[in-house]
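Novice: only geometry, no sequence info:
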């Protein structure tokens, strides 16, 4: 995805009802408060402030809002290293992002959400390749089999879940 594609997504910004289609979901309303009315560029900048906190918003926002803001997660996963070291502490920057994506793909999800399956599958491949590079580095934390398994498991589960939508 190029920067130009990211900035020029067509269509109106999702409204409050697109975030909370069932009118009353507190988690969806929180997602609206955090991302409602933001352009993709603004939403991406906000997401970068605290990805761990904002990732759950993508789990609970309605399908139309998720489709609109999916490029935020996509871009983050494509440009952010899997691992980071900050203040002498190593941590995984992508852990916890597969689950919010998976939650959007339900039997009754919008066709527009289903259309994202090929893009998500490409992200899974990208994430796996990135994880493998770090694991082969021999770094004591990054190559720790327990850590690697924990991170990979989430993305494996997402792939298995999405295969239902590719075949059906």
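Specialist: Happy to help now that I have it. All values derive from a computational prediction rather than experimental measurement.
Novice: Check which element follows the lowest-mean-pLDDT helix or strand in the chain along the chain.
Specialist: Of all the helices and strands that make up the chain, helix 3-7 has the lowest average by mean pLDDT, DSSP states H and E, namely a mean of 48. The element immediately downstream of helix 3-7 (helix or strand, assigned by DSSP states H and E) is helix 16-19.
Novice: next SSE after that following helix?
Specialist: Next element after helix 16-19 (DSSP H and E): helix 26-35.
Novice: So which residues make contact with that next one?
Specialist: 16, 19-22, 43, 46, 54, 56-62, 65, 69 (CB atoms under 8 Å, 6 or more residues apart in numbering). Bear in mind the C-beta positions are built from the backbone N, C-alpha and C, glycine included.
Novice: Just the angle for the next helix or strand after it relative to helix 26-35, thanks.
Specialist: Scanning forward in sequence from helix 26-35 by DSSP H and E, the next helix or strand is helix 40-49. Using axes from the mean of the first three to the mean of the last three CA atoms, to 10 degrees, the direction of helix 40-49 lies 110 degrees away from that of helix 26-35.
Novice: got the angle between the helix or strand following helix 40-49 and helix 40-49?
Specialist: Per DSSP H and E, the first helix or strand lying C-terminal to helix 40-49 is helix 51-60. Computed by the same axes, to 10 degrees, the angle separating helix 51-60 from helix 40-49 equals 130 degrees.
Novice: Which elements pack onto helix 51-60?
Specialist: Other elements packing on helix 51-60 under the criterion 3 or more CB pairs under 8 Å, 6 or more residues apart in numbering; DSSP states H and E are helix 26-35, helix 63-79, helix 98-104.
Novice: And the top helix by length along the chain, how far out from the chain middle?
Specialist: Identified as the longest helix of the chain according to DSSP state H is helix 145-167. How far helix 145-167 lies from its chain's middle: 13 Å, per CA atoms, centre = their mean, to the nearest Å.
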